[in-house]
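>>> Here you go, sequence then predicted model.
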Amino acid sequence: MQTKAPEKHGLDRARLDRLAPFLKERYLDTGKLPHAQLLVSRNGEIVHFSSQGAAREGSDKPIDEGSIFRIASMTKPITSVAFMMLVEQGLVALDTPVHDVLPEFRDVGVYNGGGAGVPFVTRPVDAPMRMLDLLRHTSGLTYGFQNRGNVDAAYRAGKTNAGPPENWHGEADLDAFVGDLARLPLEFSPGEAWNYSESTDVLGAVVQRVSGLPLDRYFAEKIFAPLRMHDTGFSVPADKADRLTDCYAWAGPSLGRVMYDRAESSMWLRRPRLLSGGGGLVSTTLDYHRFCLMLANGGELDGARLLGRKTLDLMTMNHLPGKSDLSSLSRSLFSETTNAGVGFGLGFAVTEDVSRAMIPGSAGEFYWGGMFTTAFFVDPVEKLHMVFMTQLSPSLLYPIRRELKTLIYSSLT
C-alpha cells in the first residue's frame with residue numbers, strides 16, 4: 001500500500017510513525033491482539049497504512065491489504081445510509097411510525113412487570129416508535145447481552161437475539177425475527193432514553209420492506225457496487241475464503257484469548273438466513289475507507305452519489321431528545337462509545353463537547369466501532385478519518401480506540 005507524504009497534509013511524520021510500534025509493543029507482542037491494521041486518511045489521501053500480525057493461527061502469513069475482517073456493528077452506519085437513501089426518494093421519513101412499514105410493531109407495549117417464567121405485563125407506549133428512534137437507539141428495544149433485566153433475558157431465551165452470529169444460520173429470516181421481537185415488551189417508551197439495541201437490525205428489515213429487495217442485494221447494488229466496495233458483504237465467497245482472518249474472544253484471565261471463529265470453517269463462509277443490518281458484514285480496511293471517504297465528501301465518491309450533502313449534515317447532528325448527551329440519557333450497560341460529551345445522530349455517535357469526552361477530537365466528529373474491536377471515525381473539521389481492524393471480542397477490553405485517536409491527533413501540525 002503506497003501512502004502519501006503526511007507532511008503535505010499537515011501531519012508530523014515522526015509522530016505518525018509512532019502508531020505501528022505502539023500497536024506492536026502494547027498489543028501484539030503481549031498477545032492481547034492477534035493482529036492490527038490501521039489506516040489514516042487526511043484530505044482524501046491515505047497518509048498511514050500499517051499491517052501487523054498473523055492472519056491465522058498456526059500460520060506465519062501476515063494480514064495485508066486484502067485481508068477480510070468481521071466488522072460487526074460497523075455494519076450499522078451502512079444500514080443507516082441505506083435507509084436515508086430511501087428517505088431521499090420520498091419512500092419513508094424519519095417521523096414515519098415503524099408500524100407503518102412493520103405492522104408487527106403496531107401493538108407493542110412497554111414492560112410493566114413479569115418475565116422469568118411469569119407472563120409479561122405491559123403498558124401502552126407514550127409515543128409510537130418512529131424510524132428516528134431506530135436510527136438513534138431510542139426505540140425501547142435492547143440487546144440480549146445487556147444483561148439488565150427480564151426483557152433482555154427474554155431476548156436471550158428466544159429467537160429475538162440477532163446479536164450473536166450463531167443465530168444467523170437458524171430457521172428465522174429477517175421477517176421472522178421482526179415478528180418474534182415485536183411479541184416482547186419494550187424496555188421504555190420510544191424517545192424516553194437511549195439504549196444500544198437491535199434497532200438497526202429492525203431498520204434493516206425496514207430497508208428490505210420499503211425497497212422490495214433482500215437486504216444483501218440492496219446493499220450490493222445500491223452501496224457496494226457504486227462505491228466499489230468489492231470485498232464487503234454478509235458472507236465471504238469461496239474464491240476469497242483464503243483472505244478471511246481468524247477471529248478470537250477473551251475468555252478471562254485464566255484462558256486469555258481463545259479462538260471464536262476459525263477462518264477455514266467460519267460462519268461467514270455461507271450466506272446467513274438472518275441478514276443482520278446491525279452487525280452482519282465482513283469488509284476490508286480499504287473498502288471501509290471508501291465508505292468513510294463517501295461520508296467525508298458529503299455523500300459522493302468518484303462520481304457516485306449515494307446521499308445529498310444536506311442529508312449527511314442531518315445524519316451527523318445530535319438527535320438525542322433535548323440535545324442531551326449519552327451520559328444523561330443512556331441506560332445501556334454496553335455500547336461502542338464512551339458517553340460524556342457524546343451525542344447520537346442517525347447511525348453514528350457524534351462528539352458534541354471535546355472537553356467532556358476527554359479525548360482529542362473535534363465537535364462534529366462522528367464514529368462507531370464493532371464488537372471485534374474494529375473502529376472508525378470521521379472528522380469533517382480536520383478532514384481526517386481512521387479505520388482500524390483487528391478481530392477480538394469484546395471491544396471494551398482495552399482502551400485502544402482512545403489511544404489511537406490520541407496518537408493520531410497528536411500528529412496534526
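The structure has been received and is ready for your questions.
>>> Quick one: mean pLDDT over stretch 360-377.
For stretch 360-377, the mean pLDDT works out to 97.
>>> ignore the last one, stretch 12-31
Averaging pLDDT along stretch 12-31 gives 97.
>>> starting at the chain centroid, how far to the lowest-mean-pLDDT helix or strand in the chain?
When the helices and strands of the chain are scored by mean pLDDT, DSSP states H and E, helix 150-157 comes last with a mean of 90. From the chain centre to the centre of helix 150-157 is a distance of 22 Å (C-alpha atoms, centre = their mean, to the nearest Å).
>>> Give me the buried stretch members for it, please.
Neighbour counts over helix 150-157 (16 or more other C-beta atoms under 10 Å) mark Asn150, Val151, Asp152, Ala154, Tyr155 as buried. C-beta here means a position set from N, CA and C on the backbone, and glycine is covered the same way.
>>> Send me the next helix or strand after that helix as PDB with only the CA atoms.
Using DSSP states H and E, the helix or strand that directly follows helix 150-157 along the chain is helix 174-181. These are the backbone C-alpha positions of helix 174-181, laid out as PDB (Å, rounded to 0.1, in the frame of the first residue of the first chain):
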ATOM      1  CA  LEU A 174     -35.400 -11.100   8.900                       C
ATOM      2  CA  ASP A 175     -39.200 -11.100   8.800                       C
ATOM      3  CA  ALA A 176     -39.500 -13.900  11.300                       C
ATOM      4  CA  PHE A 177     -37.000 -12.100  13.600                       C
ATOM      5  CA  VAL A 178     -39.100  -9.000  13.500                       C
ATOM      6  CA  GLY A 179     -42.300 -11.000  14.300                       C
ATOM      7  CA  ASP A 180     -40.700 -12.600  17.300                       C
ATOM      8  CA  LEU A 181     -39.200  -9.400  18.500                       C
END
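>>> What helices and strands are in contact with the helix or strand following helix 174-181?
Following helix 174-181 in sequence order, the next helix or strand is helix 199-211 (DSSP H and E). Secondary-structure packing of helix 199-211 (3 or more C-beta pairs under 8 Å, 6 or more residues apart in numbering; DSSP states H and E): helix 76-88, helix 98-101, helix 131-136, helix 174-181, helix 215-219.
>>> Quick check, Asp302 in contact with Met294.
No. Asp302 is not in contact with Met294 according to C-beta atoms under 8 Å; the separation is 9.0 Å.
>>> Look at these two and report which has more neighbours.
Each of Asp302 and Met294 has its neighbours counted (other C-beta atoms under 10 Å); Met294 has more, 24 against 12.
>>> Now do the contacts for that one.
Met294 makes contacts with Leu227, Glu300, Leu301, Ala304, Leu306, as judged by C-beta atoms under 8 Å, 6 or more residues apart in numbering.
>>> I'd like the mean pLDDT over the helix or strand hosting it, please.
Element membership of Met294, judged by DSSP H and E, is helix 285-296. Averaged across helix 285-296, pLDDT comes to 98.
>>> List the contacts of the next helix or strand after that helix.
Moving toward the C-terminus from helix 285-296, the next helix or strand (DSSP H and E) is strand 300-301. Contact partners of strand 300-301, identified using C-beta under 8 Å, 6+ apart, comprise Leu227, Arg290, Leu293, Met294, Leu306, Leu307.
>>> re the thing from before, a markdown table please, covering the contacts of Met294 and showing neighbour count and pLDDT.
Output for the contacts of Met294, formatted as a markdown table (neighbours: other C-beta atoms under 10 Å; pLDDT from 0 to 100):
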| residue | neighbour count | pLDDT |
| --- | --- | --- |
| Leu227 | 20 | 98 |
| Glu300 | 18 | 98 |
| Leu301 | 21 | 98 |
| Ala304 | 14 | 98 |
| Leu306 | 21 | 98 |
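>>> is it true that Pro360 touches Thr351?
No. Using C-beta under 8 Å as the test, Pro360 is too far from Thr351 to be in contact (10.3 Å).
>>> Of those two, give the one with the bigger neighbour count.
Neighbour count, other C-beta under 10 Å: between Pro360 and Thr351, Thr351 has more, with 25 against 16.
>>> next one: phi and psi at the spatially most distant residue from the centre of the chain?
Centroid-distance maximum for the chain: Val118 at 34.3 Å, with C-alpha atoms, centre = their mean. Val118 adopts backbone torsions of phi -100, psi 140, taken as degrees, to the nearest 10.
>>> Distance of it relative to Thr406?
As judged by C-beta to C-beta, to the nearest Å, Val118 and Thr406 stand 48 Å apart.
>>> Quick one: low-confidence residue ranges for the chain.
Applying pLDDT under 70 to the chain picks out residues 159-163.
>>> Now Leu314. Nearest residue, chain neighbours left out?
Leu346 (6.7 Å; C-beta to C-beta, 6 or more residues apart in numbering).
>>> Run through who's touching the least confident helix or strand of the chain.
Residues contacting helix 150-157 (C-beta under 8 Å, 6+ apart): 111, 114-116, 120, 142-147, 160-161, 184-187, 198.
>>> which stretch of helix or strand covers Arg56?
Short version, using DSSP H and E: Arg56 is in no helix or strand.
>>> Can you report how many residues neighbour it?
A total of 18 residues lie near Arg56 under the criterion other C-beta under 10 Å.
>>> Would you mind confirming that it is in contact with Thr245?
Yes. If you go by C-beta under 8 Å, Arg56 and Thr245 touch, sitting 6.7 Å apart.
>>> quick revisit: which two among the contacts of Met294 are spaced furthest apart?
Leu227 and Glu300 (10.0 Å; C-beta to C-beta).
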